[in-house]
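Asker: please work out how this folds:
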Amino acid sequence: MNHYFQPVIFLLLFIPWSAPDEQRSVLPQDHEYQITLRTYLETLTEEDFAIALRPLTYGFDYFSSEDDLFKTWILFRQAPPQGPIADTKGITVEPKHFTLESIESEQGILMGGGSDNRPWIATDQMAWWSAWDYPGNPYYGNEALKRRAFVYCAVDMIMNDEAHEKGENKRSDYLGGTLIWLSYTYYKIKDILPADVRSAYETGLIKFFERIEEWGPRGSAADMDQFAHVGLWYTAKAIGDEDLKHRARAHSEYILSEHLRPAGYIDHGDGFDPTYNGISLDFLGWAALASGYDFFKVALDRMSKLKAYLSLPEPEGRYYGPSHFSTATSGDSPNDQRGLFSRDLGIAMVSDQAKYLIWEGRGGQSHGHGVPGQAEMLDRIEFLTRRTNNHFERNDSKPGRWERAHWTDGIIYAHEYYPPGFYEKLRQIEAGQDPVRRAPFNRDENFIHRFPENDVESPDQHKDEFLAARFAEYGVIIHTGRLSWWGGTSGQSGFGGGALSAFWTKNTGSVILGRTGGFQGPAPDTWENWREWPTHAISGQTGSGEGFSSARYRYPQKQYKINGQNATVSAFGVIGNEVDGGRTTENETLGSRNYYRRDFVAGPEGLSVESAIMAGAGEEMTELYEIIPVFIGGRSSNIEQANTRISLLISGEWIKADTSLRPDVDQIRIQRHQGEVFIEFSEPQHVKLASGIWEDQYQSDARVRNILIDLLQAPKARSEEMKVHYIIHD
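Answerer: The predicted structure follows:
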């Protein structure tokens, strides 16, 4: 070693060391449009995002007519808990968060951190505030607010584009939601942008538009595929390109052709999930009112009709419906997701089948239903103006690292696209006692409807999924539709096989009601509790202790005959591990094919039911039951008021039913609320109750107690067939 360098080395050892500055994240600049957007963001300072916080004002003279007053009331009727009026965060957060210096940080790109797959701030609602032309809105036309919304969207667009090009999040059901706020926001705020920035942003919008076209509906959860209708329409509208408008319409028609089932639902895993169907209703309502396209109206008519005829009133005012067939969730049609009043009002603007929702039809939301008077509307607007003003204080919320989001609470589209004269139309309906204001089972009329009604145009697998009927003394719902392919042999993604979904009377409410725990809930139904499965089924156990059930047969064959005042429905299926992927058996332990049938005859005197099973040769069955689910109630107050009681008639004496198997039962009596219903056997049967009460632990606290009719002890028409026949009446 050269000794002249030794002192230098020695000194270097004592020079204090410091780590280099952490590298700041920079927005991707792989495309010309991204460079243009970032260059524009770099010119914006904190002052460009500064907003003077001012309260909403209120005045009687703001409204030119009762129609105008009602339109404004729609906004204030809804909020809280959802909608632009309830969300002021985008207005009140610190302006510094929107500067490029804050966004590009050592911690990453800071423009995210929302919850539940939602953005940090709702840009579509920020854009709405800036475009809300209302005398009391101090943020109308606010350019700083528009810039805030644009910056968030520009960052979100750039980051999503990079993720897609890396092969991440390439799902149209994700991108459809994102495109809603990217396109709606641009539609509302583009007037403040320079021409080159507009052109760049539109380049990004078109890329996302074309990706949705290319990827097509994913179909696994097709309710989320309905987001695309709204995003595509606003993209075409904002850009103003006629070709895009035609393509947006064509793609929407394609999505519905793939996933709108003729019975009236958007499939979820190729099955019917009534609460997820509420999401589909929300976005289809938005698309229908915004675009005015007739095919959206047709879809909403079908979907609203099915929802209506699956909504059963309780005497105390709540509404429940069957959900046993549900793909993933446990709730029912009258209590579906995103079912807030503004959505119900919006789809009622499109479809007469949904107008009853303005007055009734949803459990737990009786307040405010109906057509408000002038004083009520003014009071509500004044009250919520004061409440909203409490939120116009500086908000210390900070963005986190950017991450993909795809859910939006959206705007109150019933206000945005309010049809003039709608208020007066509702007043006429109310004054004239028009039947459309009542849920079907509340109307003073008998009916028999099959879903879908026009079977000629339906593919075989989608024919005859439901029958809903009401007679003078009772109502009935029968399900013979297919189940989802989700869930395999262990996870129970709904119950079907051809079943009685509901038996209802005006005085008892839903005496019999099929439910489910929900495949994706915390306590899904499993084979361990097959005796408590809350569904009408032929179920049992083999000699090895394994369960089997008709409720797990996904594709029952069915026949419908409707003749005047009567309807006959027959369902046929097979139980065994060699059919339907072994779903009808636990651990595939039932080797033979066991054919079953169900015959329902609904008429003015009651519902006749015959269930039969022909056991395969050499098959050992230690338990075999016809199971009838008795609906105890939903929420605690309903359970207490219903006071459901089950009794057995044996040798002319009524005794309380319990878990003991009772022979020679002639009738079952179910008392509920202020009424009673009887199940009358053509021959005496052995009957008991399931040992436990089933309780939903997911979207409701519905409770069901099963009646078990022992088919092994039942009289047999011939040695290999076991059957039971009974009539249900009030």
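
Asker: any idea how far residue 123 is from the closest residue to residue 111 other than its chain neighbours?
Answerer: Spatial nearest neighbour of residue 111, excluding adjacent residues (Cβ to Cβ, 6 or more residues apart in numbering): residue 155 at 4.4 Å. Quick note: C-beta positions are derived from backbone N, CA and C, even for glycine. Per Cβ to Cβ, to the nearest Å, residue 155 is found 10 Å from residue 123.

Asker: quick check: pLDDT value at the nearest residue to residue 389 once chain neighbours are set aside.
Answerer: Closest residue to residue 389 apart from its sequence neighbours, by Cβ to Cβ, 6+ apart: residue 55 at 4.0 Å. Note for residue 55: predicted pLDDT of 96.

Asker: from the contact counts, what lies against the host helix or strand of residue 200?
Answerer: Assigned by DSSP states H and E, residue 200 belongs to helix 195-215. Counting contacts by 3 or more Cβ pairs under 8 Å, 6 or more residues apart in numbering; DSSP states H and E, helix 195-215 is packed against helix 32-43, helix 143-165, helix 172-189, helix 227-239, helix 242-259.

Asker: give the buried residues for the last one.
Answerer: Taking 16 or more other Cβ atoms under 10 Å as the neighbour-count basis, helix 242-259 is seen to contain the buried residues 244, 245, 247, 248, 249, 251, 252, 255, 256, 259.

Asker: what about that helix, distance to the chain center?
Answerer: Distance of helix 242-259 from the chain centroid (Cα atoms, centre = their mean, to the nearest Å) equals 23 Å.

Asker: follow-up on the earlier one: tell me the contacts of the residue nearest to residue 389?
Answerer: 138, 389, 392 (Cβ atoms under 8 Å, 6 or more residues apart in numbering).

Asker: before we move on, what about residue 109?
Answerer: Applying Cβ under 8 Å, 6+ apart, the residues near residue 109 are 25, 27, 103, 155, 159, 401, 402.

Asker: what about stretch 555-574, average pLDDT?
Answerer: Here stretch 555-574 scores 95 as its mean pLDDT.

Asker: ah, wrong one, I meant stretch 500-514
Answerer: 98.

Asker: in this protein, where is pLDDT below threshold?
Answerer: 1-22, 79-84, 363-368, 455-457, 488-491, 617-618, 715-719 (pLDDT under 70).

Asker: centre-most residue in it?
Answerer: residue 276 (2.4 Å; Cα atoms, centre = their mean).

Asker: now that one: phi and psi?
Answerer: Residue 276 adopts backbone torsions of phi -70, psi -30, taken as degrees, to the nearest 10.

Asker: my guess is it contacts residue 323. True?
Answerer: No - with contact defined as Cβ atoms under 8 Å, residue 276 does not count as touching residue 323 (11.3 Å).

Asker: need the overlap of contacts for these two.
Answerer: residue 329.

Asker: partner strands of the longest strand anywhere in the chain, with direction?
Answerer: Longest strand in the chain, counting residues (DSSP state E): strand 675-689. Sheet pairing of strand 675-689 (DSSP bridges) gives strand 662-672 (antiparallel), strand 703-710 (antiparallel), strand 721-729 (antiparallel).

Asker: the residue lying closest to residue 661 once chain neighbours are set aside and residue 513, how far apart?
Answerer: With Cβ to Cβ, 6+ apart as the criterion, residue 661 has its nearest non-adjacent residue at 4.4 Å, and that residue is residue 688. Using Cβ to Cβ, one gets 20 Å for the distance from residue 688 to residue 513.

Asker: do the same with residue 650
Answerer: Applying Cβ to Cβ, the value for residue 650 to residue 513 is 26 Å.

Asker: picking up where we left off before, list the buried ones in the helix holding residue 200?
Answerer: 197-198, 200-209, 211-213, 215.

Asker: do stretch 434-446 as well
Answerer: 437, 438, 439, 440, 441, 442.

Asker: those residues in helices, which ones?
Answerer: The members of the buried residues of stretch 434-446 all map outside helices under DSSP state H.

Asker: follow-up on the earlier one: give me every residue that touches the residue nearest to the centre of the chain.
Answerer: 221, 223, 266, 268, 327, 328, 329, 336, 337 are the contacts of residue 276 under Cβ under 8 Å, 6+ apart.

Asker: if we go to 6 Å?
Answerer: 223, 268 (Cβ atoms under 6 Å, 6 or more residues apart in numbering).

Asker: do you know how far it is from residue 669?
Answerer: In terms of Cβ to Cβ, residue 276 sits 37 Å off from residue 669.

Asker: follow-up on the earlier one: state the pair within the buried residues of stretch 434-446 that is farthest apart.
Answerer: The most widely separated members of the buried residues of stretch 434-446, counting by Cβ to Cβ, are 437 and 441 (13.7 Å).

Asker: winner for burial among the strands paired with strand 675-689?
Answerer: Among these, strand 703-710 has the highest mean neighbour count (mean count of other Cβ atoms under 10 Å), at a mean of 22.

Asker: convert the C-alpha atoms of that strand to PDB, please.
Answerer: Taking C-alpha atoms only, strand 703-710 is exported to PDB below (Å, rounded to 0.1, in the frame of the first residue of the first chain):
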ATOM      1  CA  ARG A 703     -85.100 -16.900  13.500                       C
ATOM      2  CA  VAL A 704     -86.600 -20.100  12.200                       C
ATOM      3  CA  ARG A 705     -87.800 -23.300  14.000                       C
ATOM      4  CA  ASN A 706     -88.100 -26.300  11.700                       C
ATOM      5  CA  ILE A 707     -90.900 -28.900  11.800                       C
ATOM      6  CA  LEU A 708     -89.600 -32.400  11.000                       C
ATOM      7  CA  ILE A 709     -92.100 -34.900   9.500                       C
ATOM      8  CA  ASP A 710     -90.700 -38.400   9.700                       C
END
